[in-house]
Each structure stands twice: as C-alpha cells, then as structure tokens.
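Visitor: Prediction below, plus the sequence it came from.
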Amino acid sequence: MTRKKVLVSAYACNPSGSLHLHPGEDQTGWRFVGQISRSHDVWVITHEYNREGIRAAMAGAGEEDRGVRFQFIKLPAPLGGLYKVEFGQRIYYYLWQIAAWRAARRMHRKIGFDLAHHVTFGNDWIPSYIGAFLPVPYVHGPVGGGQRTPRPLLREYTFGGRLSERGRTLAQWVGRRDPVRRRALKKAAAILVCNRETMARIPRKSRGKTMLFPVNGIAREDLGPRPPNGPNDGPFRVFMAGRFHRLKGFAIALRAFAAFARECPGSEMTIVGSGPEENNLRRIIDTAGIGDRVAMKSWMSRTDLLAAMASSDVFLFPSFRDGGGAVVVEAMACSKPVVCLDSGGPGFHVQPGWGFKIPPSRPDKVVEDLARALTVLAKDRELLRAMGRVARERAEDFYLWDRHGDRLNEIYRKALREY
C-alpha cells in the first residue's frame, strides 16, 4: 500500500509521559503515532501540553523527515479550571474534541486526508467529532472505558470514592447516548477495544466491525536479556507499581501480602509509585506489622523501573478496573508471572500459562485468593520460572509495538478498500 495521508486525533501524545497529567495515555499516543508513521504520512492533532515533550524528542529531525506533523490545540485559559476536579476533566476533554474537529476541517480542506484515526483518549463513552463528521474512512481506538469497579469491591472505597464511581457510571450512561458518539461508531470502518467489558458496551449493530486490540505494548529495546534458568535461593520478591489510587488495589494487595508472608516468612515486597493513597498504605503496613518486609519507593525512571521489576519474582497488580494496564505487559516482558484480578485490561493480558487471574469478589475472598496464588509460586520455583518464560514469549510474540503497527496497517488497508 502506498503511503496515505492520515489524520490522528491524540489528545494525549507525549514521549516523556507527563506524570502530572496522563502518563499512560501519553505513551500510548506517542507509540501509536510512531507506528502509523512507519507506513504513512501523519498529521497529529494533540493538546498544547504535549508540545515541549514532542519537540525535545524530535530535536535534530524535522517533522517532515519523520513523516509526522503536529497541530497543538488548547482551550481558552478560563476553562483550564475544569482540570481541578476529576469530572471536570471529562468536560474539558469533550469540549477539546469540538475544537479538534474545527481544526481538522480546516486542515482537510488544505491537505485532503485519506483516513482519520482517533487514538487518545482511549475512552468509549466520549465521542470523536472528527470520527463523526470528517468525510474520510475512520478507525476508532483502541478504547476502553467499559470496565467498572466490581460491586463487591466498592466497599474498599471511601464514601467519596463510591460517590465518584457513581458519578462516573452516570457520565457513561449519558455519554453512550450522545448522538455524536453513535454517529462516530456507525461511521467507523473498524472499532478497536482493549478489553472485553468495553466490547460489550459497543452497540450491537457495530460489534461486527469491533475487535480486541491492546492499548499497551513493549519496545524491543525494553525486552532486555532473558533471565537465567538457574535456581533462585534468595527471598521471594513481590513487586507492584502504579499510582497510589483507590482503584489500583494497593490496599488489598498489602493485606494479601501480609497473609502470604505468614506462610512464607522470608518474602519481601516492593511497591513503587505515589498518589493520594500513600498515607493510608503506610497505615496498613504498620497495622499489619510488615514494615520490615515492605519497601515503598517513589516514582523512578522507566529504565530503573524495568530493572527493579526484572530483579523481582512476581508482579502483583490487583487493579479493580484498569482499561489497559501497561505495567502488566512490561512485567511479562521482564519474564515475570503476573497475579491480577480478572478484570479490564489485565484480565485480557494475562492467561493461565503465565499468571493467575483472581475472580473479583468480596474483599476478604480476594485477599485469600491473591495470597494463595503467591504461595503457589513461592513454593514451586520451577512453575515460577516456567510461567516467566511463557510470559516473555507472549510479550515478544504479541505485544511488541512493531507487531501492533503491522496489524494496524492491515486494518487501514481494509478500511480504505471498503470505503
């Protein structure tokens, strides 16, 4: 296929992963743009906050030399106040989509795009005005957003947290009935979703063109060397990483580790991150009497994070409703079995050959099941290594970004052929 002119809508697209805004989405947007530009000429509409990171990454190579050009858009300054509250961010993002559509319309008159693709935010219930109204073939996603906190685990939240979840559910209900969203999905040649819960939220008439497509990947240079096959006679090391937020499941993970450590007293745990739950997590550690076995570390560079992950034995990630779960794929690439909940992106990434998926049920049962999975791995080091090898093979076979790019190019071929 000859190089086409592709317009990408990527609100979040930042190689440096702006920690204070949307680090996961930033990396996703940047990686997808890079893959699309391997085969096509790309124009990207993105938010102004990404400008500095993008320009630093592209220093020494002109935008046209890379086959990609960026159009930075932001809303008027007074609307920036919406970002101070979680729900306000969604309103800001909705309004930004309208501004992006206006810019896309002007650009299309001048350039004449062959195809449009909405990449980020990967949210199924906020519409793409570009997808709905730009008169070219359109690809939507990969998006998530269909996942919810399992009802039994809502008791893990504070009253404010439960109220926030109810607000999110209401916003989803309203958003999925937006006529612009319906129009965009109807018009799309392909709809990519990153978990089975989101697949179930796509209108029935559009499911025939909907497919599972990971929102996360791994670069070949991040794979690193394969671990040795020899025995590990040191302490069993559990690793966790992510934002210290109620939905990430750190509190339930610590209680599970405390129960596991009573069975395997020589074990250690490292958790890396920061966020509003930090003080609560420290209280849980003190109350459980595991302070001498749990090390809490603040955010570190990606290189250091992958090195710390590689030196562990198992990756624990009982997030309640993660749409993607990039760290799960990174752990697999580091040859680590994963213990997670059977929910959202992690439930899609992990299969029995390289991890344990715990059914989301009442908190005490989840704690028990997580602890049991850790115990099985700690007492059977051959199983631990075998699962790690299969996890690495899965990452190499399916999650390399170049493989995502090849699959995406085939989706483009089909979209252009059928338009």
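Guide: Noted; the coordinates are in hand.
Visitor: Every contact and neighbour count from this point should use C-alpha atoms.
Guide: Fine.
Visitor: just the helices in the stretch 1-150 of the chain please.
Guide: Along the stretch 1-150 of the chain, counting by DSSP state H, counting those that start in this stretch, helices occupy 23-36, 51-57, 86-111, 129-133.
Visitor: Would you format those helices as a markdown table with distance to P318, mean neighbour count and mean pLDDT included?
Guide: Formatted as a markdown table, the helices of the stretch 1-150 of the chain follow (distance: least, Cα to Cα, whole Å; neighbours: other Cα atoms under 10 Å; pLDDT from 0 to 100):
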| stretch | distance to P318 | mean neighbour count | mean pLDDT |
| --- | --- | --- | --- |
| helix 23-36 | 17 | 22 | 90 |
| helix 51-57 | 31 | 14 | 89 |
| helix 86-111 | 22 | 16 | 92 |
| helix 129-133 | 34 | 23 | 96 |
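Visitor: A307: which of these is closest?
Guide: Ranking the helices of the stretch 1-150 of the chain by proximity to A307 (Cα to Cα) places helix 23-36 first, at 18.9 Å.
Visitor: Turn the helices of the stretch 1-150 of the chain into TSV, columns for distance to K209.
Guide: Listed next are those as TSV, based on distance: least, Cα to Cα, whole Å:
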stretch	distance to K209
helix 23-36	20
helix 51-57	33
helix 86-111	23
helix 129-133	15
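Visitor: And those: which comes nearest R168?
Guide: Proximity to R168 (Cα to Cα) singles out helix 86-111 among the helices of the stretch 1-150 of the chain, at 7.7 Å.
Visitor: Which other helices and strands does that closest one contact?
Guide: Here helix 86-111 touches helix 129-133, going by 3 or more Cα pairs under 8 Å, 6 or more residues apart in numbering; DSSP states H and E.
Visitor: Compute the distance between K357 and L383, please.
Guide: In this view, K357 and L383 are 16 Å apart by Cα to Cα, to the nearest Å.
Visitor: residue contacts, the nearest residue to A259 once chain neighbours are set aside?
Guide: Counting by Cα to Cα, 6 or more residues apart in numbering, A259 lies nearest to A371, which is 6.1 Å off, once chain neighbours are set aside. Contact partners of A371, counting by Cα atoms under 8 Å, 6 or more residues apart in numbering, are 256-257, 259-260.
Visitor: From the residues you listed, which land in strands?
Guide: In strands, defined here by DSSP state E, there are no members of the contacts of A371.
Visitor: okay, these in TSV with pLDDT and neighbour count next?
Guide: Formatted as TSV, the contacts of A371 follow (pLDDT from 0 to 100; neighbours: other Cα atoms under 10 Å):
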residue	pLDDT	neighbour count
A256	96	23
F257	96	30
A259	96	19
F260	96	22
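Visitor: any idea where the strands of the stretch 151-300 of the chain begin and end?
Guide: Per DSSP state E, counting those that start in this stretch, the stretch 151-300 of the chain carries strands over the ranges 190-193, 210-212, 237-241, 268-272, 294-297.
Visitor: Surely the residue nearest to A259 is within a helix?
Guide: Yes: A371: assigned to a helix according to DSSP: H, G, I helix; E, B strand; the rest coil.
Visitor: So that it lines up with my notes, have the first residue be 26 from now on.
Guide: Fine by me, first position is 26 from now on; the one you just mentioned is A396.
Visitor: just to revisit the earlier point, neighbour count: K382 and L408, which is higher?
Guide: K382 (23 against 16; other Cα atoms under 10 Å).
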